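S.K.: Fold the following.
(one chain, ligands or ions: 2)
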Amino acid sequence: MTSPNNSNKNNISANNKTDKESSEKQNGMLAGIFERATKSGLGRKKSNPSPVESAVAKDMADIHSNPTKLRLAFLGGGSFGTAMANLAARNGCDTTLWVRNKRTVKAMAKTQTNKKYLPGYKLDDRLKYSHDLAASVKDKDIIFIAVPGLAFRETLKNIAPFISGQSIVSLTKGMEKDTFAMMSDIIKEVLPEVNFGVMSGPNLAIEIMKNMPSATVIASESEPLRHAVQAALHSAFFRVFASDDIRGVELGGALKNIYAIAMGMAAAYEVGENTKAMILTRALAEMSRFGVEEGANPLTFLGLSGVGDLYATCSSELSRNYRIGNMLGRGMSIDAAVKKLGQTAEGVNTIQQVHEKATKAGIYMPITHALYAVIYEDKAALGVALHLMEAGFRSDVEFVMAHDHSNAALTAHMKTSGSNTKSKDSDADK
Ligand SMILES: NC(=O)C1=CN([C@@H]2O[C@H](COP(=O)(O)OP(=O)(O)OC[C@H]3O[C@@H](n4cnc5c(N)ncnc54)[C@H](OP(=O)(O)O)[C@@H]3O)[C@@H](O)[C@H]2O)C=CC1
Ligand SMILES: O=C(CO)COP(=O)(O)O
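M.R.: Ligands and ions are numbered 1, 2, ... in the order given. As a prediction, the model looks like this:
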């Protein structure tokens, strides 16, 4: 016969064994994540460093104290391209803003304002404007691209004949339609030899124009390029942090737009702070889960380009994605909301891309799927939200405790307590 003490001991040692096994499993999983993140395509090596890489590497200290040596082009005269070009011009860099519309260029040069996208904000008088793409990008050190994701490939193809060693930095927070390509993928495809980076962070353009302290992240394999971008844009109002996780940084910027739409919609239903916190944190869980599948380091999502941008965009009506969600929550159709906004809201396309990709790859993205169902399958928002709330038992942070462990432990616990209850009842019956 087994004494109660013996049975406890057995339970404890069985539990210890399970804990040990589970902790080994977790360590294995984490090691796998880091290995995958490090070994992913991010380690791509360039055959030849571009001129900016070698020039900046030679005299990094000089560039830091004197960014005026840098010659920069910004492509895209929307709110973000203009705000970033303005920062660089204010730092004394030789800066040209390329805008596709000739009349807009003339008006901007004359008024030193961007009347359509940043009305009322005076731009630095050293900023140059151009409608000539070739002249804008030739002989530059770095070309920053700030056109919407849907126009990124076309823009790269248009500048390709004039690339002879310039570095490229994407400021775009989108995904290409139907190909699932991120901007760094498109750069690698169209200009395989170019030295490049991506910049992303909580950077609402209007706040930057108002000199409200902000920060961002430049991600690149090239240290000299990271330093050059930091030198070009850094100021007392704008701090540029560095990363080498290109995939993680650009995915943070693209994915958070989905959840800004969700949050804008939730705000239309006047949800409480607990609900907002739940959406924000579960959004972060989805983002990092998707990121890991795509070769990103999950820890990157804890940085400015992840949780930082998620917070800013999910809490501000300055965010166009948030505003789209809010209009949807108030009963407008997606087409009407996009038309009313009249500016770029990358999340509208990103929801479709991520929904499709996650469905195909079997990645658990409940908020994204729910939003897709509401926006594109005309499902009732409240019913979808209720369904989300009722969905199974999950682990909080899956990189700490995996979902399958959570579910298995819970099922085992329920079975045990079920059989205990039963035997108690049968004793009582006797
Ligand atoms: N605004 C912000 O706060 C931030 C935006 N971003 C990202 O920057 C990118 C650009 O956004 P943002 O500046 O806000 O967008 P806007 O909607 O403010 O402006 C878009 C700009 O791109 C131009 N454009 C559109 N299509 C093309 C094309 N085919 N070729 C060339 N130019 C084109 C538009 O020109 P036209 O006026 O002639 O149509 C306009 O100048 C987005 O990916 C966004 O997510 C990133 C951080 C912050
Ligand atoms: O990316 C942004 C802030 O970091 C801007 O967000 P929206 O594109 O939603 O306006």
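
S.K.: what residues does the stretch 251-400 of the chain put near ligand 2?
M.R.: Within the stretch 251-400 of the chain, the residues that sit near ligand 2 (C-beta under 6 Å from any ligand atom) are 257, 260, 309, 312-313, 319-321. Just so you know, the C-beta spots here come from the backbone N, C-alpha and C atoms, and that holds for glycine as well.

S.K.: which ones are touching the closest residue to residue 202 other than its chain neighbours?
M.R.: Distances taken as C-beta to C-beta, 6 or more residues apart in numbering put residue 312 closest to residue 202, at 3.5 Å, once the chain neighbours are dropped. Counting by C-beta atoms under 8 Å, 6 or more residues apart in numbering, residue 312 makes contact with 202-204, 319.

S.K.: Inside helices: which ones of the residues you listed?
M.R.: Residues of those located in helices (DSSP state H): none.

S.K.: Could you report the pLDDT at residue 395?
M.R.: Residue 395 is assigned 88 on the pLDDT scale.

S.K.: So it belongs to a strand, correct?
M.R.: No - when classified by DSSP: H, G, I helix; E, B strand; the rest coil, residue 395 is found to be coil rather than part of a strand.

S.K.: measure it to residue 347 for me?
M.R.: Distance of residue 395 to residue 347, given as C-beta to C-beta, to the nearest Å: 27 Å.

S.K.: Which one of the two is surrounded by more residues?
M.R.: Applying other C-beta atoms under 10 Å to residue 395 and residue 347 shows that residue 347 carries more neighbours, namely 30 against 17.

S.K.: where does that one fall, phi/psi-wise?
M.R.: phi -60, psi -30 (degrees, to the nearest 10).

S.K.: I figured it was touching residue 261, is that so?
M.R.: Yes - with contact defined as C-beta atoms under 8 Å, residue 347 reaches residue 261; the gap is 4.7 Å.

S.K.: Between these two, which contacts overlap?
M.R.: Both residue 347 and residue 261 are contacted by 321, 324, under the criterion C-beta under 8 Å, 6+ apart.

S.K.: give me every residue that touches residue 146.
M.R.: The contact partners of residue 146, taken as C-beta under 8 Å, 6+ apart, are 74-76, 78, 80-81, 84, 171-172.

S.K.: where's the residue lying closest to it once chain neighbours are set aside relative to residue 384, distance?
M.R.: Leaving out its chain neighbours, the residue that sits closest to residue 146 by C-beta to C-beta, 6+ apart is residue 81, at 3.2 Å. Residue 81 sits 36 Å away from residue 384, going by C-beta to C-beta.

S.K.: what does the model give whichever residue of the stretch 1-150 of the chain sits closest to ligand 1 for pLDDT?
M.R.: Relative to ligand 1, the nearest point of the stretch 1-150 of the chain is residue 78 (1.9 Å; C-beta to the nearest ligand atom). If you check residue 78, the pLDDT there is 97.
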